[in-house]
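Enquirer: no sequence for this one, just the structure:
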């Protein structure tokens, strides 16, 4: 860990998260927005579902870590919502099990520290016409898993305001011609879609009544004040 210690924002999820640092992705945008104020850490795993995420929770987020994240942004659902196949070669997780997995993930992360917050990203839509295997993912299944994630988070947030959720299913569809301009392969985000995701995350953080605040405007900028001329380093203290 490098110092000084900044707030840590962890992105945890499947390929939507793993790819978020490339080609103007939403993770890279967050890192730029929070530069010199918070560290944005990537923990994305292509192809994973919520079941696999639960299996590594204690490894990725150990309870005895010296520094705990201030915020974890969680996305699983696109792979869970895939159609189950007879040969078993599908990441599908039944909807009730998906909900319980997401609840388990959220509660584990929330309990890491008194000030650790959680934002869930719900399942975005897919453009079935662009998919190489259109039978594996459907628009309707993404909608169902998105709604289930939102409902689960709403239940958690009733008793703990540390939980927030972003409805990506509907946020993406607010853009005109979203199916062709926001999804590069029918599933993953274009730069324009990443702009929307990053803006939604910043909006939710700014609206949240969290103490301490994680809004960019409220966080100190590291080494903000530089006084010139800079004094030479005393060799006796090096």
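Expert: Sure, I can see it. This structure is a prediction, so every number in the text was calculated from the model and none was measured.
Enquirer: Please read off the pLDDT at the spatially most central residue of the chain from the model.
Expert: Note on the chain: the residue nearest the mean C-alpha position is residue 73, at 3.1 Å, using C-alpha atoms, centre = their mean. On pLDDT, residue 73 comes in at 98.
Enquirer: And the host helix or strand of it, what does it pack against?
Expert: Taking DSSP states H and E as the definition, residue 73 sits inside strand 71-75. Counting contacts by 3 or more C-beta pairs under 8 Å, 6 or more residues apart in numbering; DSSP states H and E, strand 71-75 packs against strand 8-13, helix 15-18, helix 95-110, strand 117-121. Yep, even glycine has a C-beta here, placed from its N, CA and C like the rest.
Enquirer: residue ranges with poor pLDDT in this protein?
Expert: Counting by pLDDT under 70, the low-confidence segments of the chain come to 1-2, 226-227, 237-238.
Enquirer: So in it, which helix runs the longest?
Expert: Ranked by residue count and defined by DSSP state H, the top helix of the chain is helix 139-159.
Enquirer: what's next to it, contact-wise?
Expert: 77-78, 80-83, 95, 98-99, 102-103, 106-107, 120, 122-126, 128, 163-165, 167-169 (C-beta atoms under 8 Å, 6 or more residues apart in numbering).
Enquirer: how about it: buried residues?
Expert: 141-150, 152-153, 156-157 (16 or more other C-beta atoms under 10 Å).
Enquirer: would you list those in JSON lines and tack on distance to residue 14?
Expert: Output for these, formatted as JSON lines (distance: C-beta to C-beta, whole Å):
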{"residue": "141", "distance to residue 14": "15"}
{"residue": "142", "distance to residue 14": "13"}
{"residue": "143", "distance to residue 14": "18"}
{"residue": "144", "distance to residue 14": "17"}
{"residue": "145", "distance to residue 14": "12"}
{"residue": "146", "distance to residue 14": "14"}
{"residue": "147", "distance to residue 14": "19"}
{"residue": "148", "distance to residue 14": "16"}
{"residue": "149", "distance to residue 14": "13"}
{"residue": "150", "distance to residue 14": "18"}
{"residue": "152", "distance to residue 14": "17"}
{"residue": "153", "distance to residue 14": "18"}
{"residue": "156", "distance to residue 14": "21"}
{"residue": "157", "distance to residue 14": "23"}
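Enquirer: Greatest separation within those residues: which pair is it?
Expert: The distance between the two most remote of these (C-beta to C-beta) is 24.6 Å, for 141 and 157.
Enquirer: Spit out the contact partners of residue 17.
Expert: Neighbours of residue 17 in contact, by C-beta under 8 Å, 6+ apart: 11, 27, 42-45, 73, 75.
Enquirer: go again using 6 Å as the cut-off
Expert: 11, 44, 75 (C-beta atoms under 6 Å, 6 or more residues apart in numbering).
Enquirer: and of the residues you listed, the nearest to residue 222?
Expert: Of all the contacts of residue 17, residue 222 sits closest to residue 11, with 20.6 Å by C-beta to C-beta.
Enquirer: Distance-wise, check the closest one relative to residue 86.
Expert: Computed as C-beta to C-beta, to the nearest Å, the residue 11 to residue 86 distance reads 34 Å.
Enquirer: Cool, thanks, signing off.
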